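In: Take this sequence and fold it.
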Amino acid sequence: MPKPTGDGAALLRAICDAPEEDTPRLAYADWLDEQGGEANVARAEFIRLQIAEEAKGVEHLNRRPPTPREIALYRPHFLDWKAELPEYPGLILSGESPHGFGYERGFVYQLYAKSVRSYLKAAPDLFTRVPVTEVRFQTITPKTGAELAKSPALGRVRTLDQLVGLPDEALREIGGSPHLRNLNRLIVSGREITMAGVGPLLANPAVTRLKEFRSSDCWAVGPGVVAALLASASAPVLEVLGLDNTLKADPGPPLATLLGLPKLRRLYLGSNRLGDEGIASIASATPANALSLN
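Out: Coordinates of the predicted model:
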């Protein structure tokens, strides 16, 4: 699509610069109404509706499912809204697919990058036009991991999703980045990953907003991850922890401390080797909140 100009471009930039804020999004909805046309008016309603639904704060296991009205607005105008999205070699925005909803508070937020370099090349333009907060990379090598770690573009990311099978060297490079200040959700997976990869990220003093950490099938990580989570700068704000098939051995008493984190609401411990000591620790714990324990 042609690059937007004028008020529309300025409003999009304001949304991208402050993706957590609702006010720029609502201002863009008002601007769309002023432009007129069925697709614009529907998009304006869609933005306001998604913001209102998110504001209800209803708990969901994963992402909030769309309401019937959201779907009714989205489906007839999918192609119109897709045409507004920029295109970049090696990148796929979630709103480009009619099968994946991919909108959050009225805007596309997910990005799939075939490589780190395709992401870094597009970033200067991308983050003036689309408020992407969640990125999934197909491949990251130690070399490109170091390039990503040095880039301020990493500071735009709130969710690093499905970091699957990364070599520890690559994860360690990313984990040491000073640009992870906005990271609030991290999902890693793969038998190759150990504490040598995960540890530096959890120990990074810039990572203070991590609300959700999930490791799946990371059998080599081991029980040391519990102590690393407790010592992390994000421990006071952690809300969701998934340690499925990760602990390898019983971490013992630190589990009770983990369950007592002030914001923790969900803890997943599936397919781990918990013995009597770990079970006793769970039983003796005093959670700070109503806790969902798997």
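In: Could you count how many residues lie near Asp30?
Out: Residues within reach of Asp30, counting by other Cβ atoms under 10 Å, total 12. To be clear about C-beta, it is placed using only N, CA and C from the backbone, and glycine gets the same treatment.
In: For it, what is the enclosing helix or strand?
Out: Assigned by DSSP states H and E, Asp30 falls within helix 23-35.
In: Residues in contact with that helix: which ones?
Out: Helix 23-35 is touched from outside by 7-8, 11-12, 14-15, 18, 40-41, 43-45, 47-48, 51, 105-107, with contacts defined as Cβ atoms under 8 Å, 6 or more residues apart in numbering.
In: The helix or strand following it: which residues count as buried?
Out: For helix 23-35, the following helix or strand on the C-terminal side (DSSP H and E) is helix 38-55. Across helix 38-55, burial judged by 16 or more other Cβ atoms under 10 Å covers 39-51, 53.
In: do stretch 265-274 as well
Out: Arg265, Arg266, Leu267, Tyr268, Leu269, Asn272, Leu274.
In: And for stretch 82-96?
Out: Lys82, Glu84, Pro86, Tyr88, Leu91, Leu93, Ser94, Gly95, Glu96.
In: wait, Val151 sits on Lys121?
Out: Just to correct that, residue 151 is Ser rather than Val. No - counting by Cβ atoms under 8 Å, Ser151 sits too far from Lys121 to count as a contact (10.7 Å).
In: ok so, going back, include pLDDT when you put the buried residues of helix 38-55 into JSON lines, please.
Out: Below are the buried residues of helix 38-55 laid out as JSON lines (pLDDT from 0 to 100):
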{"residue": "Ala39", "pLDDT": "93"}
{"residue": "Asn40", "pLDDT": "94"}
{"residue": "Val41", "pLDDT": "96"}
{"residue": "Ala42", "pLDDT": "96"}
{"residue": "Arg43", "pLDDT": "96"}
{"residue": "Ala44", "pLDDT": "97"}
{"residue": "Glu45", "pLDDT": "98"}
{"residue": "Phe46", "pLDDT": "97"}
{"residue": "Ile47", "pLDDT": "97"}
{"residue": "Arg48", "pLDDT": "98"}
{"residue": "Leu49", "pLDDT": "97"}
{"residue": "Gln50", "pLDDT": "95"}
{"residue": "Ile51", "pLDDT": "97"}
{"residue": "Glu53", "pLDDT": "94"}
